[in-house]
Every structure is written in structure tokens, then in C-alpha cells.
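Visitor: sequence? don't have it. structure:
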């Protein structure tokens, strides 16, 4: 039976597809070695499961190849030069595409801590200077280009060897060949689905086979891209009744005057690129940002602060509209990105505030200009508005040391009261420092360290210029990192540490703001806290809570690779596939932390219920475009 099924051309096809599997697994090994510190308790079983996901990927992505290859053409056609050339080109094109995505993620994973999904194309499409970014990648990671080319060369070499052993029997029944074709095609479809389950295997299933923090190792990038391409980001959840949901979580909130600051206080929000806890802030054991740290020492500073994402594009809606990204695609580039939302600039506009968003990158970068317009900013100032290309870094935009003080001056053209946001950029890869300033800043264990020193000096220049302006003494400054940087540290590579960032509120002439707080605080808490501090009483929509709200169970939550994470002062709770998974002590510095969910079942159930209410409300409101107060 099997001998009749596995004819020479089918054996040849399986050999060809095995070549793809071998190099997908080899690229996983490269991925693992390059990101070794990001994965804990890895076993051989993880690589077996990874090989299964590779099989699924090949069955999906090579469908054009094997569907055409299995068609029972006559022997003369199969042995023709053009037939063989067509399939060789098709094989190498598909194989190169799959390997390219895997190789790119070897380094990109360091920044995002997840396998890339279809939002990678959205990012590429919205960056007007992609050629500069690719040049930076080739320059810094040329070794990966060599690895990629070596893989392609040997894959083609092995492919040509399969051609030599292939023989085609001449007098065979076309009917039998057709039946054989359908049977083999059916088997490939079963593999492409991941088995006989009711639903095809998806990204989230990876956490069923390994520790949640090792999901990226088990998966491969072509798989995650295919599974997220062209799909809606959210599925409507129905965990509980609406009455129970509202008791547990309700994003409709009312601000209350904190009566700490004068009415009509100006606000400047400084979103600092990659100023994560590892290398910046008072909680850092090896900080490279002395000026930034001096500001924090005189601020309301949150020791247990978290970002709500791992990308800059996820930080902006979290900070300015209290909308986190609890799905694979960032909120801004998702299908819900044009929903009506309550935002800080739109609420403050009702109170007579002018507003402006400053970002020195090329206009259109990460859609910040479009988002700024959508949420009610009066003005947007980018590379185009700055108007001096001599200060361009040839990758992202205008260097911070020039754009930051220019921003401080430009703010003075706004009528008071105002709300201004400055998003810095120089501490982003490729960590460019002008030639005349190289050597000024302390180097550290990561290439970003000197760049952070440069950005810190640019922040000093912002404040030096701001102090000269008439608005400075009546301005509340919010300092917040967008996300943590790439890292090679085993400790900061952990899921439990990769969201730790500094967040602080700085009002130069108010001693109440010179205070350290242990309470958990996250980016989505910034907007509601500001509304209380600005003495604005208003009903609004927010997934975060004000620091000044009474009796709040303060927790931070994030989402990555199909897994929800909830943080309190001590523990990290994980949830995926509609089930509670783990409870870890995120304060522990041990490499391997024991899962204690079974020891604290009741505590886990309380967190799980609250999280389910949040997920249910989030999915329903975004799908139905109900993220405002009516």
C-alpha cells in the first residue's frame, strides 16, 4: 500500500520539503543561540515541538509548490528542462522567503521579545525611510546576511541532488495517479491544519506545549505572520454576564480634583525611547542616565512601573488615551485604529488647553502624525517642520540634542494652558551618536548604553532651554519610557522584567512631588492621574486608573504572543487559551522561578476573574467601537 502511494515523484517531493524543514530548524538554532538568555528551562522537547510547527508552516507556505508538483503530468513534461527550472525557482523563492523572516527575527526579537506577526508589514509600509533602516540592519548584522546566503546556497545544492535521483515511470494509470494525488494532497492539508482538530493550530497553541516564555522558540516567524495576516485582531469574548463584568471592571470613570496643583497647570509629557529600568532610572543597578536620574530624585517616582507593550507604537495610545494593546497588532495599526476614543488632548481641549505633539522622526513614522490628529492634537512637529537636514541622523530623524531644545522653544509659541508631548528617538537602534561626540559617553554591556548617555544629555539640553521659558514654573512634567531596550541579560530577558520602566511626575516647585511610591503603576494610568492632578472633573473612558483613586486594586497588564500577563507588587500571573497558566514571583533574581499557581489557587482565581472581565470588555468595546463615554 505505502509502496504504491509513495511513487518516485512523491518521494522526491518529500525529500525537497525535508530540505526546507532542515533549514527552518537550523534557523531556529541560530535564533536560540543569539537569544539564549531570553529562554529558561529549554528542553529537547521544545525543539521537537518546534519541528512540528515547522512542518505545519511548510505545509501551508509550500502549498503552491506541492499542489503543482503532484499534478500527474506525462513523463515527457516532468523530465523537460523548463519544468525542472520552474520548480527549482519556485522552491528557492519560497524557501528564501521563509528563511528571511526567521533570520530577521534573530535580531528583531531582541527589541520586541516576540516573533514578528503581520503587523511587521504595517510597520514597513508606514516608514518612509525604509531604505535607511535596511542599510542600518545590513551594516550592524552582516553576519546574519552571510548565514542567510549560506543557507540558501546549500538548500539549492541539496535540491539539485534530489533532481538526479528522480525517475518517472512511463506507463502508469492517469486515474490511479489522480487518486494518489488527492490522497497525498489531503494528508498535506491535515498537516497544514496541525491535525484533525476542529480548528487549525494557531499561535496561542504554542503555550500548550512549552513554558509561556519559550513560545517564541517553539514558533517560527513565517507561521506567526501567516496566522495573523488579514485577520481581525480580536475575538468577542463571553466569559461572564455583563452585570458580573461591570462589578469586576468598568472603564467608564470620573476624575476628581486632587487639589495639589493650581488650575490650568501646563503639561509636558516626555516619552523617552528605550529608557528601560535595566540601564536608566533609580531602580537600575547600572544607570547610564545621570541627568534623568537627578530629575527622578525630585519627582513623584514609581518604583514598580510597567510599560503596556514592547513597541513605541504601542506606548503612544497607552500613555495618551489609556488604550493598551491586548492583541497581536498594535492598536494604532490595527483595524480598530480609527475608533472613537477619549484622549488626553481631546479632554484638555474642552478645558481650554492647546496641544502639540513633537517627534523628530520622518513625518508618517509609526503613524504618529495621523494618530496625533485623530486624538485631537492641534499641532504636529516632526522632521519636516524642524526643517534642517544637517541635523538628520540618516536613519530615524533629527538628533535629540538639536530637536529637544528646539521643542522647548517651540512650546513657547503655544497659548497657555497647553499640553505638549515630546517623543525622543536617538536611543533607538542603530544608536547613532554624531562623530564629534563619540567617546564622550560611558560604554556598557550593551551598544545602547552610550546612546542612552547621549540621549540623557539631550534631555538635559531640553530642560536647560525649558527653564528659560516663561511657562516652566507652572508646568507639570511626566517622564516615561516607551518600552524596555533590547538586552542580553538573563534577568532582564525574563517576561517578568521586560516591561519594567521608570515613570515619574515632576513639578519643579512642589515638594509633594519629591516622593518614591511602591504602588504598581503603568502607562495607561498616566492619563487618569493627570486629569486628577489638573483638577478636571469629568467622566471619561480609560483602561487605567488614577494613582489618586481610592481603594483600587493596583495591577498592571500586558499581552504578547497570545499570552496575557498581570503584575502586582510581587507576582506575575499568566493567562492564555482562556486558562490561568502560571504565577511567578517577579521580584526573584533566580534564573528559574518556581510556578506557584497551584499553591495559591484562590489568589490566582481572583486575578483570573478580573482579567477575564477586562478582556471581555476590551474585545467587545473595540469591536463595537464603544471606547468613549456617550
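Guide: That came in fine, so what should we check first? As the structure is a prediction and not an experimental result, all values here were calculated from the model. Numbering: from 1, shown residues only.

Visitor: My guess is residue 58 contacts residue 19. True?
Guide: No. Residue 58 sits out of contact with residue 19 when judged by CB atoms under 8 Å, with a separation of 9.9 Å. (C-beta placed from N, C-alpha, C; glycine too.)

Visitor: Which of the two has more residues huddled nearby?
Guide: residue 58 (27 against 20; other CB atoms under 10 Å).

Visitor: Wasn't that one part of a helix?
Guide: Yes. With DSSP: H, G, I helix; E, B strand; the rest coil as the criterion, residue 58 is part of a helix.

Visitor: Quick check: pLDDT value at it.
Guide: Looking at residue 58, its pLDDT reads 96.

Visitor: Could you do residue 169 as well?
Guide: In this model, residue 169 carries a pLDDT of 48.

Visitor: My guess is residue 396 contacts residue 382. True?
Guide: No. If you go by CB under 8 Å, residue 396 and residue 382 don't touch, sitting 11.0 Å apart.

Visitor: The two: which has the busier surroundings?
Guide: Per other CB under 10 Å, whichever of residue 396 and residue 382 has more neighbours is residue 396, with 25 against 22.

Visitor: Just to be sure, residue 315 is in a helix?
Guide: Yes. Remark: residue 315 belongs to a helix, assigned using three-state DSSP.

Visitor: Just give the number of residues close to it.
Guide: Here the count is done by other CB under 10 Å, and residue 315 has 26 residues near it.

Visitor: ok, now how distant is it from residue 467?
Guide: Residue 315 sits 27 Å away from residue 467, taking CB to CB, to the nearest Å as the criterion.

Visitor: now swap in residue 543 and tell me
Guide: Distance from residue 543 to residue 467, by CB to CB: 35 Å.

Visitor: Of the two, which one has the most company?
Guide: Applying other CB under 10 Å to residue 543 and residue 467 shows that residue 543 carries more neighbours, namely 25 against 11.

Visitor: Please tell me I have it right and that one contacts residue 621.
Guide: No. Look at residue 543 against residue 621 with CB under 8 Å: they stay out of range, at 9.5 Å.

Visitor: can I assume residue 291 is in contact with residue 462?
Guide: No. Distance between residue 291 and residue 462: 9.8 Å, which falls outside the contact criterion (CB under 8 Å).

Visitor: The two: who's more crowded?
Guide: Neighbour comparison, residue 291 and residue 462: the larger count goes to residue 462, with 24 against 18 (by other CB under 10 Å).

Visitor: any idea which helix or strand carries that one?
Guide: Under the assignment given by DSSP states H and E, the secondary-structure element containing residue 462 is helix 448-466.

Visitor: distance between that helix and the chain's centre?
Guide: 25 Å (CA atoms, centre = their mean, to the nearest Å).

Visitor: Show me what it packs onto, helices and strands only.
Guide: Contacting helix 448-466 under the criterion 3 or more CB pairs under 8 Å, 6 or more residues apart in numbering; DSSP states H and E are the following elements: strand 266-272, helix 290-296, helix 400-411.

Visitor: looking at this, residue 99 is in a helix?
Guide: Yes. Looking at residue 99 with three-state DSSP, it is inside a helix.

Visitor: residues touching it, list them.
Guide: 23-24, 27, 148, 151-152, 155 (CB atoms under 8 Å, 6 or more residues apart in numbering).

Visitor: Look up how far residue 160 lies from it.
Guide: Counting by CB to CB, the gap from residue 99 to residue 160 is 18 Å.

Visitor: cool, and residue 602?
Guide: When CB to CB is the yardstick, residue 602 and residue 160 sit 63 Å from each other.

Visitor: Between these two, tell me which one has more neighbours.
Guide: When residue 602 and residue 160 are compared on other CB under 10 Å, the one with more neighbours turns out to be residue 160, at 10 against 6.

Visitor: Do you have the strands of the stretch 501-630 of the chain handy? List them.
Guide: Applying DSSP state E, counting those that start in this stretch to the stretch 501-630 of the chain gives strands spanning 503-506, 515-522, 539-541, 556-560, 563-567, 571-576, 579-585.

Visitor: what does the last one contact?
Guide: Meaning strand 579-585. Contacts made with strand 579-585 from outside it, assessed by CB under 8 Å, 6+ apart, are listed as 207, 211-212, 496, 563, 570-575, 593-597, 600, 603-605, 607-608.

Visitor: quick one, that strand and strand 571-576 angle?
Guide: With axes from the mean of the first three to the mean of the last three CA atoms, to 10 degrees defining the directions, strand 579-585 sits at 160 degrees from strand 571-576.

Visitor: Let me know the average pLDDT across strand 579-585.
Guide: Computed over strand 579-585, the average pLDDT equals 93.

Visitor: Can you list the buried residues in it?
Guide: In terms of neighbour count (16 or more other CB atoms under 10 Å), strand 579-585 has its buried residues at 580-584.

Visitor: now the angle from it to strand 563-567?
Guide: 40 degrees.

Visitor: please renumber so the chain begins at 15
Guide: Okay, residue one is now 15; in that scheme the one you just asked about reads as strand 593-599.

Visitor: Adjacent strands (with direction) for strand 593-599?
Guide: Take DSSP bridges as the rule and strand 593-599 pairs in its sheet with strand 585-590 (antiparallel).

Visitor: where along the stretch 65-214 of the chain do the helices fall?
Guide: Applying DSSP state H, counting those that start in this stretch to the stretch 65-214 of the chain gives helices spanning 77-83, 89-92, 95-126, 133-140, 144-154, 156-179, 188-207.

Visitor: And the residue lying closest to residue 106 once chain neighbours are set aside, how close does it get to residue 31?
Guide: Spatial nearest neighbour of residue 106, excluding adjacent residues (CB to CB, 6 or more residues apart in numbering): residue 170 at 5.6 Å. Counting by CB to CB, the gap from residue 170 to residue 31 is 15 Å.

Visitor: Those two: which has the busier surroundings?
Guide: When residue 170 is set against residue 31 and neighbours are counted by other CB under 10 Å, the residue ahead is residue 31, at 21 against 15.

Visitor: helices and strands of this protein: which one has the lowest mean pLDDT?
Guide: Ranking every helix and strand in the chain by mean pLDDT, DSSP states H and E puts helix 16-19 at the bottom, with a mean of 54.

Visitor: between the helix or strand just after it and helix 95-126, how many degrees?
Guide: Reading on from helix 16-19 to the C-terminus, the next helix or strand found by DSSP H and E is helix 22-48. In terms of direction (the same axes, to 10 degrees), helix 22-48 departs from helix 95-126 by 20 degrees.

Visitor: Show the contacting residues for the closest residue to residue 536 other than its chain neighbours.
Guide: With sequence-adjacent residues excluded and distances taken as CB to CB, 6+ apart, residue 536 is closest to residue 570, at 3.9 Å. Residue 570 makes contact with 320, 322, 513, 534-536, 580-581 under the criterion CB under 8 Å, 6+ apart.
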